[in-house]
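Student: Here is my input; please provide its structure:
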Amino acid sequence: MASAVSPAAMTSPKYFAVWIWPLTIIAGALTVGVLLRGLGISENVYWVDEVHTMLRLAGFTKDTMTPLLKQPLAVADLGAFQGTAAPLPAALQALAQHPEHPPLYYVTAWGWLALWQPDFGHAVGLLRWVSVLFGLLALPATYWLCWELWQPASARFSSASGVAALGLAIVTLSPLHVLYAQEAREYSLWTLLILLSGAMLLRSLRLCGRKNWSLYGITASLGIYSHLLFGVVMLAYGLYVARVGQAKQLRAYLVMTAGAIATFLPWIWVGLQQRGQLKAVASAVQRDTSLGYLMGVGSRNLNRVFFNGDWGAANLLIVVLGGYSLYYLWRCHRSSALFLTLLIALPILVLLTPDLLWGGIRSTRIRYLIPAYLGIQIAIAHLFATQIGQHQGWKRRLWGLGLGLLMLGSGGASLATTQTAASWAKSDKAVYYPAMADAINATENPWVVTDSSTTYLLALSRLLAPKTMLQHVNPRRLPQEMMPAPDANIFLFDPSPRLRRVMERRYGPLELRVEQNSRFQLWQLRGPS
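Tutor: Residues are numbered from 1 along each chain as shown. Here you go, the predicted structure:
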């Protein structure tokens, strides 16, 4: 039987290193994590990706919603199309029109909405709490993955506990994870399953056993149903097992992976049926880019993971820190270094290679590289934990100061982003929705007209007064389609140049009210209606 810890032992430096400071960091990180992920969740701007979520849960898509807006609809009448849970077959049919998003998150969100059935005004905030829950579960999952990476080969408990505690804290305070834990999208669920499947894989390699491998297979099946790019994560895990595992372990991995792919076959069939939609999604990221541009955006995105900023050339400091963390890890713990390197490198290569060969901006979408950022964050956690643990005197204080600045900068950046209406995690257009809504709501009997994407109009609608009229028009058929009330204040939201010209000829001069650029504007009719 283990003897109780004496009071003298509890005050020793070794006991403090093993237990007290990791537990203090864990308790503080979890507390801050809950607060950060809950702040401002209902006030944040509703944007087009979340519109897609709401529409599909209600059994609609953008294509089926657009004809409905050909006739004027009041904002108060949109609740039937957003914030409600349609019968599950209708929701699944809408989801099947967009197979680029596997259904696990959406089915979960559908169940949440079906349980509460809120009105539209509260549905967005309520649905975001599903992502908050997944984001919070990702925190202990981070701890577990770090523990599995270092505990088996560690001669000291403090090595694994210290790295795990810092890894948890860094992910907790990261603006990347805070922002995506506040979005009605699948990315916090994907993050959770990356971490859980990685930890379960390492546990299976360490302990073997049919039960452990079966649990890994379950997390892999859930992971691939959370995001298509989880397939790249599975490939990274497979290369790791092939390098460090025994033949029996590799066979077990292959069996579980085959099982996960088999469970995904129904959705693969859906994708084959909707090849045109998948091609449209692929073409949407086609751009003429250069290596310099991609590297610049990549370094900026890495800064946003930690500090939510853009320091220009100084962004390279974060790149250097991440690179040195991996280099240091390779020097002292090759197995963990291989695991994290594959988790970082594979997603980057899969997205960057087609960008370089055929042009595109896949690698600039920060949410697509969540596995890589997790790997970098865990490597940095290991660097600081080991340096603080092995040094004494001024060197320990210097590393402690660096860790403090990293934590303070990340936490401050995350707190600041939760207090703003829109952030880089949303469309750049979303920043302008509040100003546009203020201009529209300041008038009597507003009538908002657009020939742009219906989802932009629906995103704006959450900020508009209930009696505001909305209409999607075709400029070529404007006289037949648009019959505003005589006292209506007409606004053109994101209009094409053709729509502006037709409106000016028919109704009179327009006044520019809000402008992002020449392609996203709000105009108000000043002529007689």
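Student: pLDDT of the longest helix along the chain, averaged?
Tutor: Ordering each helix of the chain by length in residues (DSSP state H) puts helix 120-150 first. Averaged over helix 120-150, pLDDT sits at 92.
Student: by contact count, what packs against it?
Tutor: Applying 3 or more C-beta pairs under 8 Å, 6 or more residues apart in numbering; DSSP states H and E, one finds that helix 120-150 makes contact with helix 21-38, helix 48-57, helix 104-116, helix 157-173, helix 175-180, helix 187-207, helix 334-358, helix 370-390. Glycine gets a C-beta too; all of them are placed from N, C-alpha and C.
Student: To residue 435, which of those helices lies closest?
Tutor: Each of the helices and strands packed on helix 120-150 has some distance to residue 435 by C-beta to C-beta; the shortest is helix 48-57, at 17.2 Å.
Student: buried ones in the following helix or strand past that closest one?
Tutor: Using DSSP states H and E, the next helix or strand after helix 48-57 towards the C-terminus is helix 62-65. By neighbour count on 16 or more other C-beta atoms under 10 Å, the buried set for helix 62-65 is 62, 65.
Student: residues making contact with helix 62-65?
Tutor: Helix 62-65 is contacted by residues 52, 55, 81, 94, 97, 453-455, 458 when judged by C-beta atoms under 8 Å, 6 or more residues apart in numbering.
Student: Looking at the residues you listed, which is nearest residue 163?
Tutor: Distances from residue 163 to these, taken by C-beta to C-beta, are shortest for residue 52, at 38.2 Å.
Student: quick one, what contacts that closest one?
Tutor: Residue 52 makes contact with 61-62, 98, 455 under the criterion C-beta under 8 Å, 6+ apart.
Student: now residue 186
Tutor: Residue 186 makes contacts with 101-102, 104-106, 226-227, as judged by C-beta under 8 Å, 6+ apart.
Student: nearest to residue 245, of the helices and strands packed on helix 120-150?
Tutor: Distance to residue 245, taken as C-beta to C-beta, is lowest for helix 187-207 among the helices and strands packed on helix 120-150, at 5.8 Å.
Student: who's in contact with the helix or strand following that closest one?
Tutor: Per DSSP H and E, the first helix or strand lying C-terminal to helix 187-207 is helix 210-224. With contacts defined as C-beta under 8 Å, 6+ apart, helix 210-224 is touched by 102, 104, 190, 193-194, 196-197, 200-201, 203-204, 230-231, 233-234, 252-253, 255-257, 259-261, 263-264.
Student: Distance check, residue 490 against residue 457.
Tutor: Counting by C-beta to C-beta, to the nearest Å, the separation of residue 490 from residue 457 is 14 Å.
Student: Dump the contacts of residue 52 into JSON lines; add distance to residue 290 and pLDDT as well.
Tutor: Converted to JSON lines, these look like this (distance: C-beta to C-beta, whole Å; pLDDT from 0 to 100):
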{"residue": "61", "distance to residue 290": "35", "pLDDT": "88"}
{"residue": "62", "distance to residue 290": "32", "pLDDT": "85"}
{"residue": "98", "distance to residue 290": "31", "pLDDT": "93"}
{"residue": "455", "distance to residue 290": "30", "pLDDT": "91"}
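Student: Closest one of these to residue 240?
Tutor: Nearest to residue 240, judged by C-beta to C-beta, of the contacts of residue 52 is residue 98 at 31.9 Å.
Student: how about the closest one, secondary structure?
Tutor: coil (DSSP: H, G, I helix; E, B strand; the rest coil).
Student: Same question for residue 183.
Tutor: Three-state assignment for residue 183 (three-state DSSP): coil.
Student: Residue 131 versus that one, what's the distance?
Tutor: For residue 183 relative to residue 131 (C-beta to C-beta), the value is 6 Å.
Student: likewise residue 293?
Tutor: Distance, residue 293 to residue 131, by C-beta to C-beta: 31 Å.
Student: What residues does the closest residue to residue 409 other than its chain neighbours make contact with?
Tutor: In this structure, residue 409 finds its nearest non-sequential neighbour in residue 307, 5.0 Å apart by C-beta to C-beta, 6 or more residues apart in numbering. Neighbouring residues of residue 307 by C-beta under 8 Å, 6+ apart: 175, 318, 409-410, 413.
Student: This completes my enquiry, with thanks.
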